[in-house]
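[1] Here you go, sequence then predicted model.
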Amino acid sequence: MRKLLSSTYKELLLLSRDMGGLVILFVMPLVLIITITLIQDGSFKTINNTKIPILFVDNDKGDISDKIFDNLNKSDAFEIVTQQDDVTITEASAKSSVLKGNYQLAVVIPKNLSSDLQKKVDQNVSNILSELGVEEDTIISNEPIQAKEIKLYFDPAVQKTFKNAVINNIDKMISKIESKSIYEAFQEELSDDPSDNSLLEESNFVSFKEINPKEGELAIIPNSTQHNVPAWTLFAIFFIVIPLSINIVKEKNQGTFVRLRTNPVSYLTVLGGKIVTYLMVCLLQFLLMLAVGVYVLPLLDLPALQVGSNFITLFVVAFFSGLAAIGFGILLGTLSTTPEQSAPFGATSVVILAAIGGVWVPVFLMPRFMQLVSNISPMNWGLNAFYDVFLRQGGLKEVLPEIGMLLLFFIITVAISVIYDKKKRAV
Amino acid sequence: MNAPVIHIDNVSKKYKNADFFSIDQLTLEITQGEIYGLLGPNGAGKTTLISMLCGLLKPTSGQLEINGMSFKKDAKKIKQAIGVVPQEYALYPTLTAYENLMYFGAMYGLSGEDLKSNVTESLAYLGLEKFAHKKIDTFSGGMKRRVNLIAGILHQPKILFLDEPTVGVDVQSKNVIIEHLKMLNKNGTTIIYTSHHLTEAQNFCTQVAIIDQGVIISTGTPEVLIENTEGARNLEEVFIKLTGSALRDYA
């Protein structure tokens, strides 16, 4: 026990004198969590609150293009630009501006959209009415009308999710305009007073309500902070793989490890000092991240982190996530022979584990194969456990499977390290 | 005659993928209280032999006994009884001399006031008391060598292994180290030592073994070896006569 305490004290001293290591362990994760939350919250606002300037080319100059213009203008998402340097934008100039990245989107309304849509609607209504045997006042021509195409030019740098959101938005708008035109056409044909719009209801009959499932009175609303703080806390915890593996490699290279092998102390005791020290670091990181989420993010106009009533469960999850990260760091340090091997491999592997673990892209959005792969990432187990507590109000019972896997990962990685070291000693 | 503390019986060592034996059927006994010098050119097998005696390497064949114990059965007891001063500075550069020694002393099971007084006294003996609380990475080579030595002797080992303990140090540091080692030996510590400084070995060792290509080619007191080698006036001339003057570069 005394040897373990001495080893822990030595590790604390070494760590406290490694400024670079301390920055990696404490400052970088804080910068990371604030930056990522600001960016993600910002992009969320971009779609919902902040107006994105878009180019609007109106080749129709009719009712429909006016309605599209009004709808886009009224939406919180876009600021409509129709002129550049006092010159009306054409399709060619819009395309060029978007291609240069000056604008993210250009909407080009085709010629005769309004008149052709009206003609098409009238034709359809007329056909339906004649099928029903209703006599019409006006004769509708049956000449074929070509389908119309609203062109959307997207900046190649724009992400797929943004494109989909815009396309869905415009599609919804056009559908609504089309439906309204059909209703109006019917009304015109059937009503005694065509100018009377009282029959037409503009509001949607079916609407949506977002409900966050809750237990009891507790309801934690998911937001960028609630998603980002646990994800990036876990990422930070796993980043200790880098200083820890470098610490082990350095010890081997500077000869102290050889000396320790001649001392009456087991490799497990030497590792024990590192495990205790780095576990303290992990828990401290976790508390710091929570503090940032609760106290600092609101100062930056971000939602505050809601910890809820399961702080102890969160602490337990952080404890076992820390153990898993330490096990990985020990294994990497034991297998590597130079810091040049362990540092880049450690950083890359943590990023890969984070990616397949769902830190960046939720697992349910991944292809099926990657969803299966994500099951082997300890970050996925940790993240699920954190989400269970942070977003689903889960308790210790709910996170047991995940923390069991994290503990198993720690035991396996440390066991491999000890066996590998023993084998290496038997040169 | 003193009892043997080290018994090496027909020990061989061949590294993985090597096509020759670094130690080849070597047999040797070292008795208690000796200062035993293992001398030989580069690649002769000195460090390999010391590494096996410290438990860092396992012999390919043969038996090794330290104080009547083998590493297979009594590794922990042997490690408690021996002290090792490796050739490289096996110290934490960002810790102070005092912190390094407190840590390595604790690894030998020392604690409390015993540990503190051992560290403080040893630092004073070797002229480092003023630098006790300075970080190792600010020390000169000679100062590091002295701290390196203290780290191996804090627990007052019965047997002390030194792999070139004076390499790369100034004369003053070398003298301090040698004098301290002599004092330890007087107090009952058996010393096994490798060096390329043959004059130092001649003055310091009570027994020497000259090793080349993994085998012992001669043993005895420095005086007897000089006497028995025709035309040799000192240990260096004995060494050259026995091992030749060809360069021993290896990679």
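    Arrived safely, thanks for sending.
[2] Give me the nearest residue to residue B:81, chain neighbours excluded.
    In space, and not counting its chain neighbours, residue B:81 is closest to residue B:158: 4.9 Å by C-beta to C-beta, 6 or more residues apart in numbering or on different chains. All C-beta atoms are positioned from the backbone trio N, CA, C, and that covers glycine.
[3] neighbours of that neighbour, just the number please.
    Applying other C-beta atoms under 10 Å in any protein chain shown, we find 16 residues neighbouring residue B:158.
[4] Ok, residue A:101 next?
    11.
[5] now do the one 5 residues further on
    With neighbours defined by other C-beta under 10 Å, the count for residue A:106 comes to 24.
[6] Could you do residue A:157 as well?
    For residue A:157, using other C-beta under 10 Å, the count is 8.
[7] in which helix or strand would I find it?
    If you go by DSSP states H and E, residue A:157 is not part of any helix or strand.
[8] could you pull out the strands for the chain?
    Reading this off chain A. For chain A, strands defined by DSSP state E occupy the ranges A:52-58, A:78-81, A:83-84, A:87-88, A:105-109, A:151-154.
[9] was after chain B, sorry
    With DSSP E as the criterion, chain B has strands spanning B:4-13, B:23-31, B:35-39, B:61-66, B:82-85, B:159-163, B:190-194, B:207-212, B:215-220.
[10] Distance from the chain centre to the fifth one, please.
    Between the centre of strand B:82-85 and the centre of its chain there are 7 Å (C-alpha atoms, centre = their mean, to the nearest Å).
[11] now stretch A:55-71
    The answer for stretch A:55-71 is 34 Å, by C-alpha atoms, centre = their mean.
[12] And that stretch, end to end?
    Terminal residues of stretch A:55-71 lie 14 Å apart, using C-alpha to C-alpha, to the nearest Å.
[13] Likewise for stretch B:32-44?
    Span of stretch B:32-44 from end to end, C-alpha to C-alpha: 25 Å.
[14] for residue B:162, which residues make a bridge with it?
    residue B:85, residue B:193 (DSSP bridges).
[15] burial count for it?
    26.
[16] same question, residue A:337
    10.
[17] next one: residue A:88
    Neighbours around residue A:88, by other C-beta under 10 Å: 10.
[18] Which parts of the stretch 1-150 of chain B are helices?
    Ranges of helices within the stretch 1-150 of chain B are B:46-54, B:71-81, B:97-107, B:112-125, B:141-153, based on DSSP state H, counting those that start in this stretch.
[19] got it, and the stretch 251-400 of chain A?
    Under DSSP H, counting those that start in this stretch, the stretch 251-400 of chain A gives helices at A:256-262, A:267-291, A:311-335, A:339-357, A:368-374, A:378-390, A:396-425.
[20] between those helices, which gets nearest to chain B?
    The closest of the helices of the stretch 251-400 of chain A to chain B is helix A:256-262. By C-beta to the nearest C-beta, the value is 3.9 Å.
[21] what helices or strands is the closest one leaning on?
    helix A:241-253, strand B:82-85 (3 or more C-beta pairs under 8 Å, 6 or more residues apart in numbering or on different chains; DSSP states H and E).
[22] Please list the residues outside the longest one that contact it.
    Right, the one you point to is helix A:241-253. With contact meaning C-beta atoms under 8 Å, 6 or more residues apart in numbering or on different chains, helix A:241-253 is reached by A:11, A:14-15, A:18, A:21, A:24-25, A:257-258, A:260, A:274, A:278, A:325-326, A:328-330, A:332-334, A:336-339, A:341-343, A:346-347, A:349-350.
[23] do the same with stretch B:197-205
    Contacts of stretch B:197-205 (C-beta under 8 Å, 6+ apart): B:35-37, B:39, B:166, B:174, B:178, B:181-182, B:193, B:195, B:208, B:222, B:226, B:234-236, B:239.
[24] On the pLDDT front, check the residue in the stretch 151-251 of chain B positioned nearest to chain A for me.
    In the stretch 151-251 of chain B, no residue comes nearer to chain A than residue B:151, which is 6.8 Å away by C-beta to the nearest C-beta. Looking at residue B:151, its pLDDT reads 92.
[25] which secondary element of chain A has the worst mean pLDDT?
    Within chain A, no helix or strand scores below helix A:28-48, which has a mean of 71 by mean pLDDT, DSSP states H and E.
[26] pLDDT on stretch A:177-189, on average?
    77.
[27] Please apply the same query to stretch B:100-113.
    Rounded mean pLDDT across stretch B:100-113 is 92.
[28] just stretch B:58-71 next, same as before
    For stretch B:58-71, the per-residue pLDDT averages 89.
[29] Would that stretch count as contacting chain A?
    Yes: contact of stretch B:58-71 with chain A (C-beta under 8 Å from any C-beta of the partner chain) involves residue B:58.
[30] Just the buried positions in that stretch, please.
    Neighbour counts using 16 or more other C-beta atoms under 10 Å in any protein chain shown place B:59, B:62, B:64-67, B:71 of stretch B:58-71 among the buried residues.
[31] what about it, how long is it end to end?
    In stretch B:58-71, first residue to last residue: 9 Å (C-alpha to C-alpha).
[32] Mind pulling up the pLDDT for residue 82?
    Answering for chain A, as no chain was given. For residue A:82, pLDDT reads 89.
[33] Please refer instead to chain B.
    91.
[34] Count the residues that sit near the closest residue to it other than its chain neighbours.
    What sits nearest to residue B:82 in space, not counting adjacent residues and going by C-beta to C-beta, 6+ apart, is residue B:159, at 4.8 Å. By the criterion of other C-beta under 10 Å, residue B:159 has 23 neighbours.
[35] ok, now residue B:193?
    Neighbours of residue B:193 (other C-beta under 10 Å): 26.
[36] ok, it touching residue B:37?
    Yes: Residue B:193 lies in contact with residue B:37 (C-beta atoms under 8 Å); the separation is 5.4 Å.
[37] thinking again about what came up before, the residue nearest to residue B:82 against residue B:81, yeah?
    Yes: if you go by C-beta under 8 Å, residue B:159 and residue B:81 touch, sitting 6.3 Å apart.
[38] what's the overlap in contacts for those two?
    Contacts common to residue B:159 and residue B:81, judged by C-beta under 8 Å, 6+ apart, are B:66-67.
[39] related to what we said a few turns ago, can you list the buried residues of stretch B:58-71 in JSON lines and add distance to residue A:413?
    Output for the buried residues of stretch B:58-71, formatted as JSON lines (distance: C-beta to C-beta, whole Å):
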{"residue": "B:59", "distance to residue A:413": "31"}
{"residue": "B:62", "distance to residue A:413": "36"}
{"residue": "B:64", "distance to residue A:413": "33"}
{"residue": "B:65", "distance to residue A:413": "37"}
{"residue": "B:66", "distance to residue A:413": "34"}
{"residue": "B:67", "distance to residue A:413": "37"}
{"residue": "B:71", "distance to residue A:413": "28"}
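[40] Could you pull up the residues touching residue 63?
    The chain I'm using is chain A. Contacts of residue A:63 (C-beta under 8 Å, 6+ apart): A:114, A:118.
[41] look at chain B instead
    Contacts for residue B:63 were tallied using C-beta under 8 Å, 6+ apart; they are B:7-11, B:70.
[42] ok, now with 7 Å
    Counting by C-beta atoms under 7 Å, 6 or more residues apart in numbering or on different chains, residue B:63 makes contact with residue B:9.
[43] Bridged to it, which residues?
    Listed by DSSP bridges, the beta-bridge partners for residue B:63 are residue B:9.
[44] Only alpha carbons, please: show stretch A:235-244 as CSV.
    In CSV, the C-alpha atoms belonging to stretch A:235-244 read as follows (Å, rounded to 0.1, in the frame of the first residue of the first chain):
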residue,chain,number,x,y,z
PHE,A,235,-13.8,12.8,-25.4
ALA,A,236,-11.6,14.8,-23.0
ILE,A,237,-11.5,11.9,-20.5
PHE,A,238,-10.2,9.6,-23.3
PHE,A,239,-7.6,12.2,-24.3
ILE,A,240,-5.6,11.2,-21.2
VAL,A,241,-4.5,8.3,-23.4
ILE,A,242,-1.9,10.6,-24.9
PRO,A,243,-0.1,11.9,-21.8
LEU,A,244,-0.5,8.6,-20.0
